[in-house]
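Asks: Could you work out the structure for the sequence below:
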Amino acid sequence: MGQRSVGGVTDEGVVDRDATLAAIDIGTNSIHLVVARVAPNDRFEVVAREREMVRLGSGPGDMKRLAPDAIDRGIAALRHMRRVAEAESASIRAVATSAVREAENHDDFVRRAREEAGVEVEVISGVEEARLIHLGVLQAVPVFDRRLMLVDIGGGSTELLVGERGEVLASRSLKLGAIRMSARFFGGEVVHPAAVGSCRKFVRSVLAPFVPEVQRLGFDVLIGSSGTILALASMVAAARSDPNPITLNNFELTRDELDEVVGHLAKAGSVEKRRRLPGLDPRRADIILGGAIVLEQVMHTYGATRLVVSENALREGVLLDTVQRSHGGTLHHLRDLSRASVVHLMEQCDERPDHSREIARLALELFDATASVHRLDDGSRDYLEAAALLANVGLFISHAKHHLHTYYVIRNSEHLTGFTDREIEIIAQVARYHRKSAPKPEHEAFARLWRNDQTLVRALAGLLRIAIGLDRSYERRVATVRARDDGKLVQIELVPTGDADITLELYAADARKQLLEEVLDRQITIT
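Replies: From the prediction side, this is the model:
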């Protein structure tokens, strides 16, 4: 997780129920900060909000790279927001979405955020972004007991999700952001007569593959969040000649009203004319048409006639997730949501899931038995369990070099939820190094890790390698693992299941101990 200050956080990393937390959402268009105190039942009392429109995704090349001036603006905004959070003695968690996620030079942004702004940034996947937005929305809109469809239109991507009672049933992250669509179809000062039709066709084509799943699941209510949707809701409110509402939370608009607003935006013809439209924030005039067409086509494509607006979105979801992670992280098991997604991927791709479950059991026993030596935390234990369960998913592609295929499957899976991008990378690398060569500086993905994460991957991979040896016969012959450390030697003791012969397991584990010996700086004996 991201940076935390000492205020409201215990030495074990657990968030106190009366803590003050700060969530920073680093989007393609804007960077948002919300600072809140944790109230009973995981509710929040907001004490500060900040928003800076930095346009991280405004550079050329369909967001392939973050422009130097955009990075400068982003770092300056983060520096300011850190000061605001510190003034409230708040611990900070920052997440970055589409613009940073897609940029080839996102490592530069993350590094500068850490070194210059003092903020640790998590780059999250689109699926994880949708899950966190869902958490935030459920705190603002009373739809927990109804099946909902969520649409969040950011600058670079649109997140879609179908959920019920807090559970994610299906989700997609699509490259249909307001900035992205506006740059592609409405880049000039004046709108080309054919551009609106071309944009609509393109958006429909991207939305279409999700239609069968939405139709199969169905939904009772469409919820919309994000700045684009709030801006469109303001325009609908203005068209009704209503006074400016104090809040747009739970504001409801119809598809016909949205169609009318989109028509006005398209007819305006130029950015300057759109700036004068009633209810529209002039700062959004250059990107609102692209975002409006995305929402228009979402409602038409998925058959929604009404939309309910949520002012809560990603940052509020991050606040709740931070508390849930903290209190769940003190337990010796993966968070329920995360573990369910790991098990699902394993069962989809692993030829022998029972063997992988046994490896995970042995790996965790080994982790616990050697805890006084490696001194890793519970979060690291979660990563080890996930990597052990997923170590053989690469067999789905090929038996040859399946450890390399395992890395690819984990890294590119859309099914892993509840993890940050960094966490997925660590899990993928631990699983990748469960066999064959140990991690090396010349391995490109390993070299990109921060030094502390490189050490962590080596330690967990060392534990996993031995655990795999402990079920070499695939017959669960090892009942229990114990360990003793005298400062120079770690003695790992295996207790057989009944009168089982564990000669093969002893040999296989001993052959796989070198990496862990190097990490622990101890000789290891296995008896």
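Asks: which regions of the stretch 401-527 of the chain sit below the pLDDT cut-off?
Replies: 414-415, 417-418, 420 (pLDDT under 70).
Asks: where does Lys294 fall, phi/psi-wise?
Replies: Residue 294: Val, not Lys. phi -60, psi -50 (degrees, to the nearest 10).
Asks: actually Asn392, not the one I wrote
Replies: Dihedral angles (degrees, to the nearest 10) for Asn392: phi -110, psi 10.
Asks: going forward can the numbers begin at 15, since that is how I track them
Replies: Let's use 15 as the start, then, which means that last one is Asn406.
Asks: thought it was touching Glu361?
Replies: No: if you go by CB atoms under 8 Å, Asn406 and Glu361 don't touch, sitting 11.7 Å apart. Every residue, glycine included, has its C-beta placed from N, CA and C.
Asks: residues contacting Leu221?
Replies: Leu221 sits next to Leu188, Leu190, Gln311, Val312, Thr315, Tyr316 when contact means CB atoms under 8 Å, 6 or more residues apart in numbering.
Asks: what helix or strand does it sit in?
Replies: Using DSSP states H and E, Leu221 sits in helix 209-221.
Asks: what are the C-alpha coordinates of that helix, in CSV please?
Replies: Extracted in CSV, the C-alpha atoms of helix 209-221 (Å, rounded to 0.1, in the frame of the first residue of the first chain):
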residue,chain,number,x,y,z
ALA,A,209,-16.8,13.6,-36.1
VAL,A,210,-19.8,13.1,-33.8
GLY,A,211,-21.1,10.1,-35.8
SER,A,212,-17.6,8.6,-36.0
CYS,A,213,-17.1,8.9,-32.3
ARG,A,214,-20.5,7.3,-31.6
LYS,A,215,-19.7,4.3,-33.9
PHE,A,216,-16.3,3.8,-32.3
VAL,A,217,-17.6,4.0,-28.7
ARG,A,218,-20.4,1.5,-29.6
SER,A,219,-17.8,-0.9,-31.0
VAL,A,220,-15.8,-0.9,-27.8
LEU,A,221,-18.8,-1.3,-25.6
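Asks: list the buried ones in that helix?
Replies: In terms of neighbour count (16 or more other CB atoms under 10 Å), helix 209-221 has its buried residues at Ala209, Val210, Cys213, Arg214, Phe216, Val217, Val220, Leu221.
Asks: same check, this time on stretch 290-308
Replies: Those would be 291, 293-294, 298-308, for stretch 290-308 by 16+ other CB under 10 Å.
Asks: on that earlier part again, how far off centre is the helix holding Leu221?
Replies: 27 Å (CA atoms, centre = their mean, to the nearest Å).
Asks: if you average pLDDT over it, what comes out?
Replies: Helix 209-221 shows a mean pLDDT of 97 in the predicted model.
Asks: Toward the C-terminus, what is the element adjacent to that helix?
Replies: Per DSSP H and E, the first helix or strand lying C-terminal to helix 209-221 is helix 225-231.
Asks: Which element is encountered next along the chain beyond that following helix?
Replies: Remark: after helix 225-231, the chain's next helix or strand is strand 235-239, criterion DSSP H and E.
Asks: Give me the sheet partners of that following strand and which way each runs.
Replies: Take DSSP bridges as the rule and strand 235-239 pairs in its sheet with strand 162-167 (parallel), strand 320-323 (parallel).
Asks: Return the most buried member of those strands.
Replies: Stretch with highest mean neighbour count among the strands paired with strand 235-239: strand 162-167 (a mean of 26; mean count of other CB atoms under 10 Å).
Asks: What lies in contact with it?
Replies: 143-144, 147-148, 151, 172-178, 190-192, 228, 233-240, 242-243, 305, 308-309, 312, 316, 318, 321, 327-328.
Asks: Please tell me how far that strand is from the chain's geometric centre.
Replies: With CA atoms, centre = their mean, you get 16 Å for strand 162-167.
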